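1. structure for this input, please:
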Amino acid sequence: MRVKNYSLASGAMLAALLLSVAPGSFGQTGNAPTGVISGTVTANKGLVRAVRVKASDTVRKISYIVFTKNGGYQVFNLLPGTYQVSALQDGFDSTKVTVELKPGETKTADLALTDKGVASNVELVDLDTLYPPGPGRDVLFNECAGCHSLEHIPWHKMAPRDEAGWKLAVDRMFIPREPREIPIVSPDEISAEKREAMVKYFAANFGIGSKRRDLKLDDLPLDENVLSQARWVQYDMPPPGKAASGRDVSRRGSHDIYPSAVSQAVWMVDTAMSSILKMDLVNLNYPDRFQEWKLAGRTALSVVPHGIIESKGRVYWTELDNSSVGELDPKTGEHHQYRTPSKSAPHTLRADSQGNIWYSSLYDASRIGMLDAKTKQITEWTPAPQYKNVHYYGMTVDKQDRVWAVGMTAHIIVGYEPKTKKWTTYPTPTQPSGPRRPSVAPDGMIWFSENIADRIGMLDPATGKITEYKSPFRHGGEYECFADAQGNIWVTLRAYETLTKFDPKTKQYTHYPHPVPKGGGRIPKVETDAKGNVWGALGATLLTLQPKGNVPARQ
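-> As a prediction, the model looks like this:
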């Protein structure tokens, strides 16, 4: 094990600044004066509506992204420092203004957007035009799209390829590669005839010379009154370096995150460095606020950590390519990696009330497993053996220690009752649906996203009934689903690149565009903290959405 512990900074100035941070940023509030940057945003084309404005602290490597209202903006609760301010709007360039902000100061930074004048040559079409009905499409939707989603294939993603290229892409799912020891999909689960049908279908519709097409989406309504009170806070991750294998890494990656319930810290996995990172929310200095544990695998290549949680003072994570569950004692730095019996790539994990760690495994003939808190022995189950191609993905554990997981390519939910030690299978009403990440709401209902069916589902554990809520927006690619403490359901609309709040009582959607221009990445996993902030990761940054973060702090 190798641990890198960035030193903590000290000093009277830093101590004073820590008290001036706005609610939800670093877990501190106080009376020290913060500053404000405000201004207007104009554009040489179109309306200025809910445009993102980004103020980046050039020293601390923290950025604050807010939204305009009636063409103006205000960024409240800023620490003194040097900021680079610009606007973010798809298809536009922005002027940049450098602002030196002192304690209690209000500075003006007006911004101008200029249309780039770049027209897309991709034709936007409906589903049946992009994916013509046929046997190949049936195989794709039923066996593959639950994982890959509908926007994964067209131009600028995987296409175009000739038939040989598509065969290589399909075979990649069935032929193991180092360091992976098992295939992503068992060849026994999808016949050679079905695989050939997919190859022919891809080559016919997404081959060399095919039309540049993609799915036509809807215009999402953006509420400036709500958005102007919200802000994204984006934290740069520390510079990359050498992984535990000795491999040089040029850029960090990220996936799952977990805000601590017992300390001022956020945990995350770095998929590129194969490491675990901890960010200290009470330390503003960059990169000192990070601590890192580099993970070594059984091969000279990567570990690929994926899911991460904290339970009873320990941190746990899954390792896709190392087929292991990791455990870290943050106090001592000691960590262990427990090999899964099936070697089938553990993906997501959650803890029950006894501290047992449950995980879903994704590849080959996927399983659900449990790491016993006392014995450190792993037990695995095949909850729905009647389904060949399952791919257990997201999972959760409710207050009664019932375990819930989704089989995204079997289009099912499975539930484990610890009293009877039995599993029950619940097929989703809409087939295929592609269920992904389940979450327990405060009332005990199990919510999950359906990325093919454009729906959010709710399972009532008492009756086994599933209720679906169809999105009014086409082809959103509902990816993440997380219930917060108030019962709101947060879902990432992958195709629209938004984090969206669904209110089950009013059935209303509120959209928060990602804090990057379109194509800049998607948020794969979110969690909420005790203050109601939503945490996620995007590329080489950790970020949080504070729905009420851009309002003046009480002085």
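2. quick check: end-to-end length of stretch 110-130?
-> With C-alpha to C-alpha, to the nearest Å as the measure, stretch 110-130 spans 42 Å from end to end.
3. what count of nearby residues applies to the closest residue to Thr271 other than its chain neighbours?
-> Take Thr271 and drop its neighbours on the chain: the residue closest to it by C-beta to C-beta, 6 or more residues apart in numbering is Gly253, 4.1 Å away. From N, CA and C alone the C-beta is placed, and that goes for glycine too. A count of nearby residues for Gly253, using other C-beta atoms under 10 Å, gives 18.
4. ok, then the element right after the helix or strand hosting Trp293?
-> Assigning secondary structure by DSSP states H and E places Trp293 in strand 290-294. Tracing the chain past strand 290-294, the next element assigned as helix or strand by DSSP H and E is strand 305-311.
5. direction included, what does the helix or strand just after that following strand pair up with?
-> On the C-terminal side of strand 305-311, the nearest following helix or strand under DSSP H and E is strand 314-319. Using DSSP bridges, the strands paired with strand 314-319 in its sheet are strand 305-311 (antiparallel), strand 324-328 (antiparallel).
6. got a list of contacts for strand 314-319?
-> For strand 314-319, the external contacting residues (C-beta atoms under 8 Å, 6 or more residues apart in numbering) are 256, 258, 267, 269, 276, 295, 297, 303-310, 324-330, 337, 346-349, 351, 357, 359, 371.
7. what do you get if the cut-off is 7 Å, keeping everything else the same?
-> For strand 314-319, contacts defined as C-beta atoms under 7 Å, 6 or more residues apart in numbering pick out 267, 269, 276, 303-309, 325-330, 337, 346-347, 349, 357, 359.
8. pLDDT averaged over that strand - what is it?
-> Over the span of strand 314-319, the pLDDT mean works out to 97.
9. that strand to strand 290-294, inter-axis angle?
-> Our comparison of strand 314-319 with strand 290-294, counting by axes from the mean of the first three to the mean of the last three C-alpha atoms, to 10 degrees, yields an angle of 50 degrees.
10. pLDDT-wise, which helix or strand of this protein ranks last?
-> Within the chain, no helix or strand scores below helix 12-18, which has a mean of 35 by mean pLDDT, DSSP states H and E.
11. quick check: next helix or strand after that helix?
-> Using DSSP H and E, the helix or strand that follows helix 12-18 towards the C-terminus is strand 35-43.
12. that following strand - what's its average pLDDT?
-> Taken as a whole, strand 35-43 has an average pLDDT of 98.
13. direction included, what does it pair up with?
-> strand 72-78 (antiparallel), strand 106-108 (parallel), strand 111-115 (parallel).
14. and Gln234, what are its bridge partners?
-> Residues in a beta bridge with Gln234, per DSSP bridges, are Ser63, Leu543.
15. return the distance of it relative to Asn533.
-> 13 Å (C-beta to C-beta, to the nearest Å).
16. same check, this time on Thr382
-> 38 Å.
17. now do Gly326
-> Relative to Asn533, Gly326 is positioned 26 Å away (criterion: C-beta to C-beta).
18. and Ala169, by the same measure?
-> Taking C-beta to C-beta as the criterion, Ala169 is separated from Asn533 by 39 Å.
19. among these two, which residue is more densely surrounded?
-> For Ala169 versus Asn533, the count of surrounding residues by other C-beta under 10 Å is larger for Asn533: 20 against 16.
20. so for the residue nearest to Thr271, what's the pLDDT?
-> According to the per-residue confidence, Gly253 scores 90 in pLDDT.
21. thought it was touching Ser274?
-> No - with contacts counted by C-beta atoms under 7 Å, Gly253 stays clear of Ser274, the gap being 9.4 Å.
22. tell me how this structure divides into domains.
-> Here the domain assignment for the chain is 2-115, 127-215, 254-546, based on automatic domain parsing.
23. winner for burial among these?
-> For the domains of the chain, average neighbour numbers computed from mean count of other C-beta atoms under 10 Å are highest in domain 254-546, which has a mean of 20.
24. for Pro259, see how far away the residue nearest to Arg289 when sequence neighbours are not counted is.
-> Taking C-beta to C-beta, 6+ apart, and ignoring the residues beside it in sequence, Arg289 has Asn283 as its nearest neighbour in space, at 4.1 Å. Between Asn283 and Pro259 the distance is 16 Å, computed by C-beta to C-beta.
25. same check, this time on Thr375
-> 29 Å.
26. low-confidence ranges in the protein?
-> Low-confidence regions of the chain, defined by pLDDT under 70, span residues 1-32, 178-180, 298-301, 554-555.
27. dump the residue contacts of Lys194.
-> Val139.
28. alpha carbons of the host helix or strand of it, as PDB, please.
-> In this structure, Lys194 is located in helix 192-205 according to DSSP H and E. Listed next in PDB are the C-alpha coordinates belonging to helix 192-205 (Å, rounded to 0.1, in the frame of the first residue of the first chain):
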ATOM      1  CA  ALA A 192     -23.700 -16.500 -32.000                       C
ATOM      2  CA  GLU A 193     -26.700 -16.000 -34.200                       C
ATOM      3  CA  LYS A 194     -27.900 -13.000 -32.200                       C
ATOM      4  CA  ARG A 195     -24.500 -11.500 -32.200                       C
ATOM      5  CA  GLU A 196     -24.200 -11.900 -35.900                       C
ATOM      6  CA  ALA A 197     -27.600 -10.200 -36.300                       C
ATOM      7  CA  MET A 198     -26.300  -7.200 -34.300                       C
ATOM      8  CA  VAL A 199     -23.200  -6.900 -36.400                       C
ATOM      9  CA  LYS A 200     -25.200  -7.000 -39.600                       C
ATOM     10  CA  TYR A 201     -27.600  -4.400 -38.200                       C
ATOM     11  CA  PHE A 202     -24.900  -2.000 -37.100                       C
ATOM     12  CA  ALA A 203     -23.100  -2.300 -40.400                       C
ATOM     13  CA  ALA A 204     -26.300  -1.600 -42.400                       C
ATOM     14  CA  ASN A 205     -27.300   1.400 -40.300                       C
END
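29. that helix: what's the following helix or strand?
-> strand 213-215.
30. what's in contact with that following strand?
-> For strand 213-215, the surrounding residues in contact (C-beta under 7 Å, 6+ apart) are 122-125, 127, 130, 150-151, 154-155, 475, 495.
31. give me the neighbour count for Asp219.
-> Using other C-beta under 10 Å, the number of residues around Asp219 comes to 7.
32. from memory the residue nearest to Arg289 sits against Gln291, does it?
-> No - judged on C-beta under 7 Å, Asn283 makes no contact with Gln291 at a distance of 9.9 Å.
33. now do the same contact list for the residue lying closest to Ser324 once chain neighbours are set aside.
-> Residue nearest to Ser324 in three dimensions, not counting chain neighbours: Gln337, with 4.3 Å by C-beta to C-beta, 6+ apart. Under the criterion of C-beta under 7 Å, 6+ apart, the neighbours of Gln337 are 319, 322, 324, 326.
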